[in-house]
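Asks: Here is the input, now give the coordinates:
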Amino acid sequence: MKKILIPLICLLALLATGLWLLVRRRPVEIPPAETQAAFRTEPSGPGLLIRYDDGQTPLRALHWLPPTRGGMQPVQVLTQSDRQRFLLFQNGTMIVNLLVPRPSGVREGFFNFAELRDAIVVPGDVAVLLYRSADASTAELPLVIALDLSTQAPRWVHRAPGERLALGGDSPEASVFLYGSGSQVLRLPIALRKGEQIGSTPFRSGLKALEMPEEIKGLDDLLPTGAQSFLATHTGGLSSYSESKGWKHWQPQGVPSLPFPDFRAVLGSSGRTYWWQPFPGVVTQVKADGTPIATYDSDALAPPEPWDKDGKLLSLKGVDPSGNLWFTLAIPAEPSPVATPAEPPAQPKGTSEPPDDPGKAPVPEATPTPEEQWTVYAAAGRERLYRWNPEGRALSGTTLTDFWTALPLPQGVNRSKDFPAFAPESGRLLVESGSTAWLVPLEALPLKPVGPTGKVQAR
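Replies: The predicted structure follows:
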């Protein structure tokens, strides 16, 4: 009997141990090599084609973020197995491939479906990622994760209101600013402070958002000028902040000639040259503390006829590495399609309208309002892109038709009805169609000098 019981007990013990290990072990991670092999990069025309062609790993989402400085292209890969992965390409080479772990205290339902809204990478050091809920109606706070590139482990985690990230200063003293239109500005040092450790909750202790002065009603854009200083533009104008000098404020010069309800003020920079656009048709060069240097209005920026009115519609998209400013055209509010006719003046009782006098001069028609003039002007199309060199005061441009004619699309990339969204500071334009992206250098765009000898014609 013992000869039978002893082997049976050993067998049961082995089975129990195996089941325990099976339950306790962590899910198998996708090796980085597999994800890297799923992407193919190849030259295509003047640009670089990046394609995800792994048919065996079903995706929940693949999100191409706007390209950033230094030829960087960040990508979010979210698989059906609820794995968040962050990848970074530099000039076509994958240099970062991280499986992002769910931090302690973060709900699975949030993290497994979270959308990567912004990413900042300090090469060789850290990747700072901003996640927001895929459900716009949720009240859950956005999540910021700083991942060490050397260990691929979280350096710190924090949750706070915000829509964008901006990098200020140089490593190791660098910091990221978290901000948004309806939130305060929060400075997050990239390096851990003395004695700081990751806790069981996704919050860094001791961090406090800046108290916004009453001059700032709603934040539109923020541009760091150092690790503890920045420029901020808003509905009231321009403000600057530094830890040592506090706040300064400036109001814009002039007012827009047309209403632009959807426009948000913009900041841009190249090196230590800073630009501020409070409304379309005007840009102001400012110092790092916000002091205005020179303002260029629509008369200085406008192309000649027939597109001279474009000067009042120029909307700054950013500044490229060479210092050129890039513009598309903003959309003013259109007038009401139904106009209420003015009532004729009342005639005194007992009188009648005199007969028309053939020799009487006709009453001149009412002068169209600026909004009505825009309606007529916009009927000819507004699909134009401009580049302005502030040193030579040279303006170049292209139409949407010339744009797509000069850039024959690779297979699998679709043509959009407007100019693709791009960040000029990256020096590249991103044309993406789902799992495929085409990166084109700005130098390849078909820009023509705009002037008496080189007008841009719409088609």
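Asks: Let me see the ranges of the helices in this protein.
Replies: Using DSSP state H, the helices of the chain run over residues 2-24, 32-37, 108-111, 298-301, 370-378, 400-406.
Asks: buried sites along the fourth one?
Replies: Judged by neighbour count using 16 or more other C-beta atoms under 10 Å, the buried positions of helix 298-301 are 298, 301. Glycine gets a C-beta too; all of them are placed from N, C-alpha and C.
Asks: and that helix, average pLDDT?
Replies: For helix 298-301, the per-residue pLDDT values average out at 88.
Asks: The fifth one too?
Replies: Mean pLDDT, computed over helix 370-378, is 69.
Asks: quick one: the nearest residue to residue 69 once chain neighbours are set aside and residue 321, what's the gap?
Replies: Among residues not flanking residue 69 along the chain, residue 425 sits closest, at 5.5 Å (C-beta to C-beta, 6 or more residues apart in numbering). When distances are taken as C-beta to C-beta, to the nearest Å, residue 425 and residue 321 turn out to be 7 Å apart.
Asks: okay, and the common contacts of these two?
Replies: With contacts defined as C-beta atoms under 8 Å, 6 or more residues apart in numbering, the residues adjacent to both residue 425 and residue 321 are 69, 270.
Asks: in the stretch 51-200 of the chain, which spans are strands?
Replies: 59-64, 72-79, 84-90, 93-100, 115-122, 126-132, 143-148, 154-159, 164-168, 175-180, 183-189 (DSSP state E, counting those that start in this stretch).
Asks: partners of the nearest residue to residue 166 once chain neighbours are set aside in the sheet?
Replies: Distances taken as C-beta to C-beta, 6+ apart put residue 177 closest to residue 166, at 4.7 Å, once the chain neighbours are dropped. Taking DSSP bridges, one finds residue 166, residue 187 as the beta-bridge partners of residue 177.
Asks: Surely residue 177 touches residue 185?
Replies: Yes. The pair residue 177 / residue 185 is scored as a contact, 5.8 Å apart, by C-beta atoms under 8 Å.
Asks: Point out where the stretch 351-459 of the chain drops to low pLDDT.
Replies: Flagging of the stretch 351-459 of the chain using pLDDT under 70 yields the residue ranges 351-366, 370-372, 374, 378-381, 451-459.
Asks: check contacts around residue 82.
Replies: When the contact criterion is C-beta under 8 Å, 6+ apart, the partners of residue 82 are 60, 108, 112.
Asks: Now do the contacts for the second one.
Replies: For residue 108, the residues meeting the contact criterion (C-beta under 8 Å, 6+ apart) are 82, 102.
Asks: Tell me how far it lies from residue 48.
Replies: Applying C-beta to C-beta, one obtains 36 Å for the distance of residue 108 from residue 48.
Asks: how many other residues sit next to residue 267?
Replies: If you count neighbours by other C-beta atoms under 10 Å, residue 267 ends up with 23.
Asks: nearest to residue 268, of the contacts of residue 82?
Replies: When these are compared for distance to residue 268, the smallest value, 34.4 Å, is given by residue 60; criterion: C-beta to C-beta.
Asks: beta partners of the closest residue to the closest one other than its chain neighbours?
Replies: Leaving aside its chain neighbours, residue 60 sits nearest to residue 78 (4.5 Å; criterion: C-beta to C-beta, 6+ apart). Under DSSP bridges, the beta-bridge partners of residue 78 are residue 61, residue 84.
Asks: Residue 78 touches residue 86, doesn't it?
Replies: No. Residue 78 lies out of contact with residue 86 (C-beta under 8 Å); the separation is 10.2 Å.
Asks: Low-confidence stretches in this protein?
Replies: Low-confidence regions of the chain, defined by pLDDT under 70, span residues 1-37, 55, 334-366, 370-372, 374, 378-381, 451-459.
Asks: what's the residue closest to the geometric middle of it?
Replies: Closest to where the C-alpha atoms of the chain average out (C-alpha atoms, centre = their mean) is residue 66, at 6.5 Å.
Asks: Please report how far the nearest residue to that one once chain neighbours are set aside lies from residue 369.
Replies: Computed as C-beta to C-beta, 6+ apart, the closest residue to residue 66 that is not its neighbour in sequence is residue 423, at 4.5 Å. Using C-beta to C-beta, one obtains 35 Å as the distance from residue 423 to residue 369.
Asks: neighbour-wise, which of those two wins?
Replies: Here residue 423 and residue 369 are compared on neighbour count by other C-beta under 10 Å; more neighbours surround residue 423, at 20 against 11.
Asks: list the contacts for the more buried one?
Replies: 66, 67, 68, 317, 318.
Asks: burial count for the second one?
Replies: Right, the one you point to is residue 67. Residues contacting residue 67 under the criterion other C-beta under 10 Å number 22.
Asks: List the contacts of the nearest residue to it once chain neighbours are set aside.
Replies: Across the structure, with C-beta to C-beta, 6+ apart as the measure, the residue nearest residue 67 apart from its sequence neighbours is residue 426 (3.8 Å). Residue 426 makes contact with 66, 67, 68, 69, 70, 71, 72, according to C-beta under 8 Å, 6+ apart.
Asks: give me that answer again for 10 Å
Replies: Counting by C-beta atoms under 10 Å, 6 or more residues apart in numbering, residue 426 touches 66-73, 318, 320-321, 439, 441-442.
Asks: repeat for residue 117
Replies: Contacts here follow C-beta under 10 Å, 6+ apart; on that basis residue 117 touches 63, 65, 76, 129, 130, 131, 132, 142, 162, 163, 164, 165.
Asks: Filter those residues down to just the buried residues.
Replies: Looking at the contacts of residue 117 with 16+ other C-beta under 10 Å, the buried ones turn out to be 65, 76, 129, 130, 131, 132, 142, 162, 163, 164, 165.
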